[in-house]
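**Student:** Any chance you can model this:
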Amino acid sequence: MRSLYDIYPDFDIDVAAEQAALERASLIALMHPLYWYSVPGLLKHWFDEVLVGGWAHGEQGHALDGKHCLWITTAGDVESYTPEGRHHHGFQDFVPVVEQTARYCRMKWLPPFVVHGAHEISDEDLRRKARELRERLAAHA
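**Tutor:** Residues are numbered from 1 along each chain as shown. From the prediction side, this is the model:
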């Protein structure tokens, strides 16, 4: 597990270290809150710096071929992700950007793991979601 904000608070990413970590992994889990309908700034910067052509994609870029990618995210309550809700779209409408990033790098996209309303659900529901996530991750160990 690599916490980008702990490792790179200055956004100065060690590309070689990140690529080496990805090469060792069979499952790449991207875990973050949904932030302005996408990924947080540091993760977007990480995409730009680490997932470069010739390494992660393109004719010579095969480092991530066949690795599984699991998107783990938190988002607002389910009701706000409806055509009538605050965001005017279902959550599924916000998936393609992250999904296509993985697919462009020839990773195998897994169904996302989403925790809606994490800021307001009960401790028991949060523990249940944590157990579900551990089970999904253990299936790839």
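**Student:** residues near the nearest residue to Glu120 once chain neighbours are set aside, how many?
**Tutor:** Closest residue to Glu120 apart from its sequence neighbours, by Cβ to Cβ, 6 or more residues apart in numbering: Asp77 at 7.0 Å. Every residue, glycine included, has its C-beta placed from N, CA and C. Counted with other Cβ atoms under 10 Å, the neighbours of Asp77 add up to 14.
**Student:** Asp77 is in contact with Val114, isn't it?
**Tutor:** No - between Asp77 and Val114 there is no contact under Cβ atoms under 8 Å: 11.4 Å.
**Student:** Can you pull out the residues in contact with whatever helix or strand Ala21 lives in?
**Tutor:** Here Ala21, judged by DSSP states H and E, is contained in helix 15-24. Applying Cβ atoms under 8 Å, 6 or more residues apart in numbering, the external contacts of helix 15-24 come out as Arg2, Ile28, Trp46, Glu49, Val50, Val52, Trp55, Ala63, Leu64, Lys67.
**Student:** distance of the third one from Glu132?
**Tutor:** Using Cβ to Cβ, to the nearest Å, one obtains 26 Å as the distance from Trp46 to Glu132.
**Student:** Which one's more surrounded, these two?
**Tutor:** Remark: of Trp46 and Glu132, Trp46 carries more neighbours, 20 against 12, as counted by other Cβ under 10 Å.
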